[in-house]
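[1] Okay, structure incoming, though there's no sequence with it:
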Ligand SMILES: [Cu+2]
(Lines give C-alpha, C1' and ligand atoms only; values in the text may rest on other atoms or scores of the structure.)
Protein backbone atom coordinates (compact mmCIF):
# COMPACT_ATOMS: atom_id res chain seq x y z
CA UNK A 1 0.00 0.00 0.00
CA UNK A 2 1.58 3.29 -0.99
CA UNK A 3 1.62 6.32 1.33
CA UNK A 4 -0.60 8.23 -1.03
CA UNK A 5 -3.43 5.67 -0.69
CA UNK A 6 -3.27 5.81 3.09
CA UNK A 7 -3.49 9.59 3.00
CA UNK A 8 -6.47 9.53 0.63
CA UNK A 9 -8.27 7.00 2.76
CA UNK A 10 -7.74 9.24 5.77
CA UNK A 11 -9.36 12.01 3.76
CA UNK A 12 -12.55 9.99 3.78
CA UNK A 13 -12.76 9.89 7.58
CA UNK A 14 -14.76 13.15 7.77
CA UNK A 15 -17.35 11.57 5.50
CA UNK A 16 -17.74 8.62 7.84
CA UNK A 17 -17.88 11.05 10.76
CA UNK A 18 -20.73 12.87 8.98
CA UNK A 19 -22.72 9.65 8.70
CA UNK A 20 -22.12 8.79 12.34
CA UNK A 21 -23.24 12.27 13.43
CA UNK A 22 -26.32 11.97 11.26
CA UNK A 23 -27.17 8.68 12.93
CA UNK A 24 -26.68 10.10 16.44
CA UNK A 25 -28.72 13.22 15.69
CA UNK A 26 -31.49 11.13 14.31
CA UNK A 27 -31.43 8.82 17.32
CA UNK A 28 -32.03 11.80 19.62
CA UNK A 29 -35.00 12.85 17.45
CA UNK A 30 -36.33 9.33 17.62
CA UNK A 31 -36.21 9.40 21.40
CA UNK A 32 -38.11 12.70 21.56
CA UNK A 33 -40.79 11.32 19.24
CA UNK A 34 -41.07 8.07 21.17
CA UNK A 35 -41.66 9.80 24.50
CA UNK A 36 -44.25 12.26 23.22
CA UNK A 37 -46.35 9.75 21.28
CA UNK A 38 -47.69 8.17 24.46
CA UNK A 39 -49.30 11.51 25.44
CA UNK A 40 -51.45 11.64 22.31
CA UNK A 41 -53.68 8.61 22.63
CA UNK A 42 -56.96 10.28 21.91
CA UNK A 43 -56.16 12.94 19.38
CA UNK A 44 -54.34 11.81 16.23
CA UNK A 45 -53.47 15.35 15.07
CA UNK A 46 -50.39 15.99 17.30
CA UNK A 47 -49.03 12.54 16.40
CA UNK A 48 -49.34 13.27 12.66
CA UNK A 49 -47.66 16.65 13.25
CA UNK A 50 -44.77 15.09 15.15
CA UNK A 51 -44.27 12.43 12.50
CA UNK A 52 -44.23 15.13 9.84
CA UNK A 53 -41.69 17.15 11.86
CA UNK A 54 -39.50 14.08 12.29
CA UNK A 55 -39.56 13.40 8.53
CA UNK A 56 -38.68 17.05 7.85
CA UNK A 57 -35.86 16.95 10.40
CA UNK A 58 -34.44 13.75 8.95
CA UNK A 59 -34.46 14.87 5.35
CA UNK A 60 -32.97 18.23 6.38
CA UNK A 61 -30.12 16.57 8.27
CA UNK A 62 -29.50 14.20 5.37
CA UNK A 63 -29.68 16.99 2.80
CA UNK A 64 -27.31 19.24 4.74
CA UNK A 65 -24.90 16.35 5.41
CA UNK A 66 -24.82 15.40 1.72
CA UNK A 67 -24.48 18.99 0.56
CA UNK A 68 -21.61 19.61 3.03
CA UNK A 69 -19.90 16.39 2.00
CA UNK A 70 -20.25 17.21 -1.69
CA UNK A 71 -18.82 20.70 -1.18
CA UNK A 72 -15.95 19.32 0.85
CA UNK A 73 -15.18 16.68 -1.82
CA UNK A 74 -15.33 19.36 -4.50
CA UNK A 75 -12.84 21.46 -2.60
CA UNK A 76 -10.56 18.64 -1.45
CA UNK A 77 -10.32 16.86 -4.80
CA UNK A 78 -10.37 19.89 -7.07
CA UNK A 79 -8.01 19.97 -10.06
CA UNK A 80 -4.92 21.96 -9.13
CA UNK A 81 -3.40 22.37 -12.59
CA UNK A 82 -4.88 21.91 -16.11
CA UNK A 83 -3.18 18.61 -17.00
CA UNK A 84 -3.71 16.91 -13.64
CA UNK A 85 -5.02 13.33 -13.97
CA UNK A 86 -7.35 12.01 -11.25
CA UNK A 87 -6.07 9.33 -8.95
CA UNK A 88 -8.75 8.05 -6.53
CA UNK A 89 -8.12 5.90 -3.47
CA UNK A 90 -7.89 2.16 -4.05
CA UNK A 91 -10.42 0.22 -1.98
CA UNK A 92 -10.36 -3.47 -1.25
CA UNK A 93 -13.59 -5.31 -2.14
CA UNK A 94 -14.68 -5.32 1.53
CA UNK A 95 -14.04 -1.59 1.90
CA UNK A 96 -15.92 -0.78 -1.29
CA UNK A 97 -18.93 -2.86 -0.25
CA UNK A 98 -18.81 -1.34 3.26
CA UNK A 99 -18.67 2.19 1.83
CA UNK A 100 -21.83 1.48 -0.17
CA UNK A 101 -23.71 -0.59 2.39
CA UNK A 102 -23.14 1.33 5.63
CA UNK A 103 -24.75 4.59 4.42
CA UNK A 104 -27.49 2.60 2.66
CA UNK A 105 -28.15 0.73 5.88
CA UNK A 106 -28.38 3.96 7.89
CA UNK A 107 -30.83 5.54 5.42
CA UNK A 108 -32.94 2.42 5.03
CA UNK A 109 -33.05 2.01 8.82
CA UNK A 110 -34.38 5.57 9.04
CA UNK A 111 -36.93 4.91 6.28
CA UNK A 112 -38.16 1.74 7.91
CA UNK A 113 -38.28 3.43 11.29
CA UNK A 114 -40.44 6.28 9.91
CA UNK A 115 -42.67 3.84 8.05
CA UNK A 116 -43.13 1.81 11.25
CA UNK A 117 -43.99 4.96 13.23
CA UNK A 118 -46.52 5.94 10.57
CA UNK A 119 -48.05 2.51 10.71
CA UNK A 120 -48.22 2.61 14.52
CA UNK A 121 -49.84 6.03 14.46
CA UNK A 122 -52.34 4.94 11.83
CA UNK A 123 -53.26 1.90 13.93
CA UNK A 124 -53.87 4.14 16.93
CA UNK A 125 -55.97 6.43 14.78
CA UNK A 126 -58.10 3.50 13.55
CA UNK A 127 -58.92 2.71 17.18
CA UNK A 128 -61.84 5.14 17.43
CA UNK A 129 -62.73 6.34 20.97
CA UNK A 130 -65.82 4.63 22.37
CA UNK A 131 -67.20 7.88 23.80
CA UNK A 132 -67.92 9.53 20.47
CA UNK A 133 -70.72 11.08 18.47
CA UNK A 134 -71.41 9.45 15.13
CA UNK A 135 -72.67 11.52 12.24
CA UNK A 136 -73.57 10.17 8.82
CA UNK A 137 -72.20 11.96 5.81
CA UNK A 138 -73.46 11.66 2.27
CA UNK A 139 -71.32 13.53 -0.19
CA UNK A 140 -72.47 14.52 -3.65
CA UNK A 141 -71.58 16.96 -6.40
CA UNK A 142 -71.09 19.48 -4.75
CA UNK A 143 -72.06 19.37 -1.12
CA UNK A 144 -71.49 17.64 2.20
CA UNK A 145 -74.76 16.42 3.73
CA UNK A 146 -74.59 15.50 7.40
CA UNK A 147 -77.22 13.55 9.35
CA UNK A 148 -77.00 13.51 13.15
CA UNK A 149 -78.08 10.57 15.33
CA UNK A 150 -81.43 12.30 16.14
CA UNK A 151 -82.19 12.74 12.42
CA UNK A 152 -81.44 16.44 11.98
CA UNK A 153 -79.62 17.33 8.81
CA UNK A 154 -77.19 20.06 7.84
CA UNK A 155 -75.45 20.89 4.61
CA UNK A 156 -71.83 22.05 4.37
CA UNK A 157 -71.86 22.88 8.07
CA UNK A 158 -71.03 20.41 10.78
CA UNK A 159 -71.77 21.69 14.26
CA UNK A 160 -69.99 19.76 16.98
CA UNK A 161 -69.47 20.13 20.73
CA UNK A 162 -65.93 20.81 21.96
CA UNK A 163 -64.27 17.93 23.78
CA UNK A 164 -66.17 15.12 22.10
CA UNK A 165 -64.60 12.87 19.46
CA UNK A 166 -66.67 12.97 16.27
CA UNK A 167 -66.84 10.04 13.91
CA UNK A 168 -68.18 10.39 10.39
CA UNK A 169 -69.58 7.38 8.59
CA UNK A 170 -69.38 8.37 4.99
CA UNK A 171 -70.76 7.40 1.63
CA UNK A 172 -71.38 9.16 -1.66
CA UNK A 173 -74.39 9.42 -3.95
CA UNK A 174 -72.42 9.99 -7.15
CA UNK A 175 -68.66 9.86 -7.47
CA UNK A 176 -65.60 9.68 -5.24
CA UNK A 177 -65.02 12.66 -2.95
CA UNK A 178 -62.54 13.06 -0.16
CA UNK A 179 -63.48 14.73 3.11
CA UNK A 180 -60.43 16.66 4.29
CA UNK A 181 -60.18 18.39 7.65
CA UNK A 182 -56.88 20.27 7.50
CA UNK A 183 -57.12 21.43 11.09
CA UNK A 184 -57.47 17.88 12.38
CA UNK A 185 -54.95 16.38 9.92
CA UNK A 186 -57.38 13.76 8.67
CA UNK A 187 -59.00 12.92 5.36
CA UNK A 188 -60.79 9.98 3.91
CA UNK A 189 -62.51 9.16 0.63
CA UNK A 190 -66.26 8.81 0.45
CA UNK A 191 -67.56 6.69 -2.40
CA UNK A 192 -70.77 5.16 -3.73
CA UNK A 193 -71.67 1.69 -2.45
CA UNK A 194 -69.24 1.71 0.42
CA UNK A 195 -69.12 3.13 3.94
CA UNK A 196 -65.83 4.62 5.06
CA UNK A 197 -65.10 6.58 8.20
CA UNK A 198 -62.91 9.17 9.78
CA UNK A 199 -62.82 10.75 13.21
CA UNK A 200 -61.46 13.88 14.75
CA UNK A 201 -61.24 15.57 18.09
CA UNK A 202 -62.59 19.14 18.29
CA UNK A 203 -61.25 21.11 21.22
CA UNK A 204 -62.13 24.25 23.14
CA UNK A 205 -59.55 26.35 21.32
CA UNK A 206 -61.37 25.60 18.05
CA UNK A 207 -64.49 27.44 19.24
CA UNK A 208 -65.15 30.51 17.10
CA UNK A 209 -62.66 29.53 14.41
CA UNK A 210 -64.23 30.58 11.11
CA UNK A 211 -61.45 28.95 9.08
CA UNK A 212 -62.07 25.42 10.30
CA UNK A 213 -62.79 24.20 6.80
CA UNK A 214 -63.82 21.02 5.06
CA UNK A 215 -62.47 20.69 1.57
CA UNK A 216 -62.83 18.01 -1.08
CA UNK A 217 -59.46 16.55 -1.98
CA UNK A 218 -60.56 14.25 -4.76
CA UNK A 219 -61.17 15.89 -8.12
CA UNK A 220 -64.88 15.17 -8.52
CA UNK A 221 -66.12 17.44 -11.30
CA UNK A 222 -66.07 20.96 -12.68
CA UNK A 223 -67.23 22.52 -9.39
CA UNK A 224 -64.87 20.47 -7.24
CA UNK A 225 -63.07 23.49 -5.84
CA UNK A 226 -66.37 24.95 -4.59
CA UNK A 227 -67.11 21.89 -2.48
CA UNK A 228 -66.32 23.59 0.78
CA UNK A 229 -67.86 23.07 4.18
CA UNK A 230 -67.13 24.24 7.69
CA UNK A 231 -66.76 22.69 11.12
CA UNK A 232 -68.32 24.83 13.83
CA UNK A 233 -67.05 23.84 17.24
CA UNK A 234 -69.48 24.92 19.96
CA UNK A 235 -69.55 25.17 23.74
CA UNK A 236 -71.13 21.82 24.76
CA UNK A 237 -74.13 23.45 26.52
CA UNK A 238 -74.86 25.62 23.47
CA UNK A 239 -74.53 22.62 21.20
CA UNK A 240 -76.98 20.62 23.37
CA UNK A 241 -79.47 23.48 23.19
CA UNK A 242 -79.16 23.79 19.41
CA UNK A 243 -79.35 20.02 19.06
CA UNK A 244 -82.57 19.64 21.06
CA UNK A 245 -84.19 22.72 19.45
CA UNK A 246 -83.49 21.33 16.00
CA UNK A 247 -84.79 17.94 17.10
CA UNK A 248 -88.11 19.36 18.26
CA UNK A 249 -88.38 21.49 15.10
CA UNK A 250 -87.83 18.33 13.08
CA UNK A 251 -90.47 16.38 14.95
CA UNK A 252 -92.96 19.27 14.54
CA UNK A 253 -92.20 19.26 10.82
CA UNK A 254 -92.73 15.52 10.67
CA UNK A 255 -96.04 15.63 12.52
CA UNK A 256 -97.22 18.51 10.30
CA UNK A 257 -96.26 16.47 7.24
CA UNK A 258 -98.14 13.45 8.61
CA UNK A 259 -101.12 15.73 9.37
CA UNK A 260 -101.01 17.12 5.84
CA UNK A 261 -100.89 13.71 4.27
CA UNK A 262 -103.83 12.58 6.48
CA UNK A 263 -105.81 15.61 5.26
CA UNK A 264 -104.92 14.72 1.65
CA UNK A 265 -106.09 11.12 2.12
CA UNK A 266 -109.31 12.24 3.80
CA UNK A 267 -109.99 14.77 1.01
CA UNK A 268 -109.45 12.05 -1.57
CA UNK A 269 -111.81 9.72 0.25
CA UNK A 270 -114.49 12.42 0.40
CA UNK A 271 -114.11 13.13 -3.31
CA UNK A 272 -114.40 9.46 -4.09
CA UNK A 273 -117.46 9.25 -1.83
CA UNK A 274 -116.03 6.57 0.38
CU1 LIG B 1 -65.87 16.36 -4.28
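    That came in fine, so what should we check first? If you're wondering where the values come from, they're calculated on a predicted model, not measured in any experiment. Numbering: from 1, shown residues only.
[2] name the helices or strands packed onto the helix or strand where residue 60 lies?
    Assigned by DSSP states H and E, residue 60 falls within helix 44-76. On a contact count with 3 or more CB pairs under 8 Å, 6 or more residues apart in numbering; DSSP states H and E, helix 44-76 meets helix 13-37, helix 93-126, strand 186-190. Where C-beta positions appear, they are placed from N, C-alpha and C, glycine not excepted.
[3] between it and helix 93-126, how many degrees?
    Put simply, helix 44-76 runs at 160 degrees to helix 93-126, going by axes from the mean of the first three to the mean of the last three CA atoms, to 10 degrees.
[4] what's the spacing between helix 44-76 and its chain's center?
    Averaging C-alpha positions (CA atoms, centre = their mean, to the nearest Å) puts helix 44-76 21 Å from its chain's average.
[5] in it, what's buried?
    Of all the residues in helix 44-76, those buried under the rule 16 or more other CB atoms under 10 Å are 44, 45, 47, 48, 50, 51, 54, 57, 58, 61, 62, 65.
[6] right, and the second one touches residue 201 too?
    Yes - distance between residue 45 and residue 201: 7.1 Å, which falls inside the contact criterion (CB atoms under 8 Å).
[7] joint contacts of these two?
    Both residue 45 and residue 201 are in contact with residue 184, where contact means CB atoms under 8 Å, 6 or more residues apart in numbering.
[8] measure stretch 151-162 end to end?
    Distance across stretch 151-162, first residue to last, is 21 Å (CA to CA, to the nearest Å).
[9] before we move on, back to that, between the helices and strands packed on helix 44-76, which gets the lowest average pLDDT?
    Between these, the one with the least mean pLDDT is helix 13-37; it has a mean of 52.
[10] shaky segments in the stretch 151-274 of the chain?
    Segments of the stretch 151-274 of the chain classed as low confidence (criterion: pLDDT under 70) are 258-274.
[11] Near the ion, which residues of it are found?
    Within the stretch 151-274 of the chain, the positions near the ion by CB under 5 Å from the ion are 177, 216, 220, 227.
[12] Return the closest of those residues with respect to residue 74.
    Checking those against residue 74 by CB to CB gives residue 216 as the nearest, at 47.6 Å.
[13] Check the burial of the closest residue to the closest one other than its chain neighbours by counting its neighbours.
    Spatial nearest neighbour of residue 216, excluding adjacent residues (CB to CB, 6 or more residues apart in numbering): residue 227 at 3.9 Å. As a burial measure, residue 227 scores 23 neighbours (other CB atoms under 10 Å).
[14] wait, isn't residue 227 in contact with residue 142?
    Yes - because the distance of 4.3 Å satisfies CB under 8 Å, residue 227 is recorded as touching residue 142.
[15] Mutual contacts of these two, please.
    The contact sets of residue 227 and residue 142 overlap at 216, 220 (CB under 8 Å, 6+ apart).
[16] one step back: could the buried residues of helix 44-76 be laid out in TSV, adding pLDDT and distance to the ion?
    TSV is the format used below for the buried residues of helix 44-76 (pLDDT from 0 to 100; distance: CB to the ion, whole Å):
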residue	pLDDT	distance to the ion
44	79	23
45	87	23
47	88	27
48	90	22
50	92	30
51	92	27
54	93	31
57	95	34
58	92	34
61	93	38
62	89	37
65	91	42
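[17] So which bits of stretch 230-240 are buried?
    Neighbour-count burial for stretch 230-240 [16+ other CB under 10 Å]: 231, 232, 233, 234, 239.
[18] Can you name the residue of the stretch 51-200 of the chain nearest to the ion?
    Relative to the ion, the nearest point of the stretch 51-200 of the chain is residue 177 (3.4 Å; CB to the ion).
[19] Please name the nearest non-neighbouring residue to that residue.
    Using CB to CB, 6+ apart, the nearest residue to residue 177 is residue 139, at 4.2 Å.
[20] Just say helix, strand or coil for the one you found.
    Here residue 139 is recorded as strand under DSSP: H, G, I helix; E, B strand; the rest coil.
[21] hmm, back to that, most neighbours, which of the residues of the stretch 151-274 of the chain next to the ion?
    Most neighbours among these, by other CB under 10 Å: residue 177, with 29 neighbours.
[22] Look up how far residue 155 lies from it.
    According to CB to CB, to the nearest Å, residue 177 stands 14 Å off from residue 155.
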